[in-house]
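Q: Quick one, structure for this:
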Amino acid sequence: MIRGPFNLLIDMLAAASLLVMVATGYVLRFPLPPATNRTHELWGLSRHEWGTIHSWASLVLLLVLVIHLVLHWDWIVTMIRHRFTCFQGGGANGGQHAGLLTLAVLFTLAGLFALATHRSVREREVPLHPLNEPPGHAASVTASPRMGKVDFWKEIMPVFQASCIKCHGPTRQTSGFRADLREDFFSSRNGAPLVVPGDIGGSRLLNIVSGNQPGMKAAAAHQLPAGEILLLKTWVESGADWPAR
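A: Below is the predicted model:
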């Protein structure tokens with residue numbers, strides 16, 4: 001194959017791989033942010049599947065860059081020999097030494113990066129997602145709620161803001177529901193109300209946040225940590241007060 005057209009092909013593949021990485025990176029950061037894998041999709045693909053495309057694009061780009069490096073190896077060795085006086089002269093030996101040094105540097109950097117990533121992984125004390133909790137952990141909230149009332153604005157609303165507002169808020173109302181509006185919890189416009197003050201068994205909200213709502217799509221994705229479920233149960237049992245601000 002003629003060297004010029006082959007170089008052009010390699011450059012085009014590198015550019016295409018880079019564009020795919022940028023596009024999929026945008027999708028993973030904005031349209032499908034973290035915690036939406038089980039609840040949202042884009043053009044028929046979940047966040048996990050978009051992440052797979054992003055990973056393959058990065059591998060293709062890496063392969064293309066290696067091929068590009070091989071095609072221009074003589075030029076790289078020549079530039080190193082010109083820049084470092086220790087490799088000037090010596091004929092072919094000088095070129096071999098320069099090439100070996102370049103390979104050694106590349107492999108050393110790659111090895112240090114791999115070593116640093118594997119040794120730096122740490123397990124978080126608090127899971128990033130409620131699904132990381134041990135099986136059956138949520139079931140423990142069947143115990144009696146704590147005594148006394150809870151402060152809605154200091155204890156309940158922060159739970160909604162952290163876990164619900166992203167998909168059920170001012171900018172996005174999945175299933176037409178907003179977690180920042182009182183009437184969406186207490187009205188029966190979509191069937192039985194989500195919250196029935198004083199009635200734990202009749203409040204669908206508690207089944208939803210426990211991942212036990214029958215017939216609900218992505219029910220597990222709505223499951224909250226045990227402590228937050230217990231807090232919501234206490235709020236409902238104590239009258240589900242939602243005072244005005």
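Q: low-confidence ranges in this protein?
A: The model of the chain has pLDDT under 70 over residues 1-3, 35, 38, 84-99, 121-148, 190.
Q: can you list the domains in it?
A: Split into domains by automatic domain parsing, the chain comes to 3-91, 133-237.
Q: right, and these - which one's nearest R119?
A: R119 lies closest to domain 3-91 among the domains of the chain, at 21.9 Å (Cβ to Cβ). Heads up, the C-betas are built off the backbone N, CA and C, glycines and all.
Q: Tabulate the domains of the chain in JSON lines, adding columns for mean neighbour count.
A: Below are the domains of the chain laid out as JSON lines (neighbours: other Cβ atoms under 10 Å):
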{"stretch": "domain 3-91", "mean neighbour count": "14"}
{"stretch": "domain 133-237", "mean neighbour count": "15"}
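Q: any chance of those in JSON lines, with distance to V105 too?
A: Output for those, formatted as JSON lines (distance: least, Cβ to Cβ, whole Å):
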{"stretch": "domain 3-91", "distance to V105": "10"}
{"stretch": "domain 133-237", "distance to V105": "44"}
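Q: Go through those domains and name the closest to H118.
A: domain 3-91 (17.6 Å).
Q: So which residue is dead centre in the chain?
A: The residue lying closest to the centre of the chain (Cα atoms, centre = their mean) is P34, at 3.5 Å.
Q: So that one versus E49, what's the distance?
A: P34 sits 15 Å away from E49, going by Cβ to Cβ, to the nearest Å.
Q: Ok, L231 next?
A: Using Cβ to Cβ, L231 is found at 35 Å from E49.
Q: longest helix of this structure?
A: Longest helix of the chain, by residue count under DSSP state H: helix 92-120.
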